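Here is my input; please provide its structure:
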Amino acid sequence: MMRVRDLLSAERVKPALESVDKLATLREMAFLLAAGGEVEFAVALEALLERERLGSTGVGRGVAIPHGKVEGLTAPLAALGRSTAGIPFDALDGQPVHLVMALLSPMEPPELHLQALAAISRLLREEAAAAQLLRAPDAQALFQRAAGG
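Numbering: from 1, shown residues only. Below you'll find the predicted structure:
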């Protein structure tokens with residue numbers, strides 16, 4: 001079973017997103033996804049935007065999971081951002097988003113993307129886990145809590 005710790009690295013965690021709208025948030029998340037060099041910023045951003053055009057990835061309860069697939073990746077990778085103020089994200093419940101976990105996956109095999117999304121969903125739909133992420137005092141604590149330890 002895939003876990004968030006398999007997807008996330010400390011350099012792709014940002015405890016204080018600067019964005020105040022959805023587009024800026026997607027840009028900020030693409031920048032984080034590109035931080036490790038596995039994917040270029042423009043490629044990451046286009047993948048996130050392409051999925052967002054199909055419908056908002058703001059899943060409700062203050063959470064958004066923008067995601068997409070890109071050529072050239074060998075493994076899924078995720079980035080985590082937090083906004084204490086909240087970001088209007090056209091979420092399903094109309095509420096602002098406080099936790100954003102973006103995911104990029106390789107084109108093949110398709111089940112990798114689904115397994116990674118499932119791992120992220122398991123973490124973020126658990127109210128206690130989401131509350132811990134919101135309360136993490138800094139980037140390191142945010143990363144450790146998201147990665148499960």
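
can I assume G72 is in contact with V39?
Yes - at 7.3 Å, G72 counts as touching V39 under the criterion of Cβ atoms under 8 Å. For glycine as for every other residue, the C-beta is placed from the backbone atoms N, C-alpha and C.

Counting neighbours, go ahead and name the busier of the two.
V39 (20 against 10; other Cβ atoms under 10 Å).

For that one, list the residues it contacts.
33, 70, 72-73, 77, 104 (Cβ atoms under 8 Å, 6 or more residues apart in numbering).

Give the phi and psi angles for it, as a check.
Main-chain torsions, V39, degrees, to the nearest 10: phi -150, psi 150.

gap between the two ends of stretch 129-145?
This stretch, stretch 129-145, spans 8 Å end to end (Cα to Cα, to the nearest Å).

buried set for it?
Using 16 or more other Cβ atoms under 10 Å as the test for burial, stretch 129-145 gives 129-130, 132-133, 136, 139, 142-145.

And for stretch 14-30?
Buried, per 16+ other Cβ under 10 Å, within stretch 14-30: 14-15, 17, 19, 22, 25-30.

Sort out for me which of those are in helices.
Taking DSSP state H as the definition of helices, those contribute 22, 25-30.

Going by distance to D90, which of the residues you listed wins?
K22 (6.5 Å; Cβ to Cβ).

for the most centrally placed residue in the chain, what are its contacts?
Centroid check for the chain by Cα atoms, centre = their mean gives M101 as the closest residue, at 1.6 Å. M101 makes contacts with 4, 63-65, 78-81, 120, 123-124, 146, as judged by Cβ under 8 Å, 6+ apart.
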